[in-house]
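>>> got a structure for you, letters missing:
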């Protein structure tokens, strides 16, 4: 199932710092990327999607996609303790009836 | 968007027993997906369930062990048969409105003794 590679496995940043997460799809059929965040005890919730080359910014979150390499990164600036969570990259094939594939996740800890 | 509710929130059962997890959506959805998640690990897609048809299972999951029903466009049930300690995990139902983000239920935490 694992067509999606995420790194690092875990990451610790100080409050106010920048967190950078990475994701690569190994299947060119899966090239529509989403980032999800899961706080402890909850279900995952979507943060943002990115389907085109370049950057997409939503508040403190910026995603960057390189379609040639099927690599996407997520950058969180001014990290807050409330950003501490599991972050999943999910990739879909564009068929709405097919579930996206999730990466193994990155555990982010933001230290006050 | 779609809201998904799951029941029960958590369950504890003995090895060899079966249990049902229900998922209800607040609006009609074409596909429902079931995921398994071990403690703070990845979400493993178990199966896709469409109304009125047999669920499609992913490698490693079978309908004998995890039968899924989808009687209508707002409801699905996942059964865990012959539960074993290795089945102890969190089970999520999920759905995705037309080309939108994927929505998840709150999860059912299962402990098998």
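Received the coordinates, thanks. Everything numeric in this text was worked out from a predicted model, so none of it was measured.

>>> close to chain A: what parts of chain B are there?
Chain B has residues B:30-31, B:33, B:40-45, B:48, B:50, B:58-59, B:92, B:94, B:96, B:98-99, B:101-107 near chain A, with proximity defined as Cβ under 8 Å from any Cβ of the partner chain. In this view, the C-beta of every residue, glycine as well, is placed from N, C-alpha and C.

>>> go again with 6 Å.
B:31, B:33, B:42-43, B:45, B:48, B:92, B:98-99, B:101, B:104-107 (Cβ under 6 Å from any Cβ of the partner chain).

>>> show the buried residues in those.
The neighbour-count test (16 or more other Cβ atoms under 10 Å in any protein chain shown) marks B:31, B:33, B:42-43, B:45, B:48, B:92, B:101, B:104-107 as buried among the residues of chain B next to chain A.

>>> and the two most separated of the residues of chain B next to chain A?
B:42 and B:98 (25.8 Å; Cβ to Cβ).

>>> re earlier: using JSON lines, lay out the buried ones among the residues of chain B next to chain A together with secondary structure, distance to residue A:5 and pLDDT.
Shown next, in JSON lines, are these (DSSP: H, G, I helix; E, B strand; the rest coil; distance: Cβ to Cβ, whole Å; pLDDT from 0 to 100):
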{"residue": "B:31", "secondary structure": "strand", "distance to residue A:5": "26", "pLDDT": "89"}
{"residue": "B:33", "secondary structure": "strand", "distance to residue A:5": "21", "pLDDT": "94"}
{"residue": "B:42", "secondary structure": "coil", "distance to residue A:5": "11", "pLDDT": "90"}
{"residue": "B:43", "secondary structure": "strand", "distance to residue A:5": "15", "pLDDT": "93"}
{"residue": "B:45", "secondary structure": "strand", "distance to residue A:5": "17", "pLDDT": "93"}
{"residue": "B:48", "secondary structure": "strand", "distance to residue A:5": "23", "pLDDT": "93"}
{"residue": "B:92", "secondary structure": "strand", "distance to residue A:5": "22", "pLDDT": "97"}
{"residue": "B:101", "secondary structure": "coil", "distance to residue A:5": "21", "pLDDT": "84"}
{"residue": "B:104", "secondary structure": "strand", "distance to residue A:5": "22", "pLDDT": "96"}
{"residue": "B:105", "secondary structure": "coil", "distance to residue A:5": "27", "pLDDT": "96"}
{"residue": "B:106", "secondary structure": "coil", "distance to residue A:5": "28", "pLDDT": "96"}
{"residue": "B:107", "secondary structure": "coil", "distance to residue A:5": "25", "pLDDT": "97"}
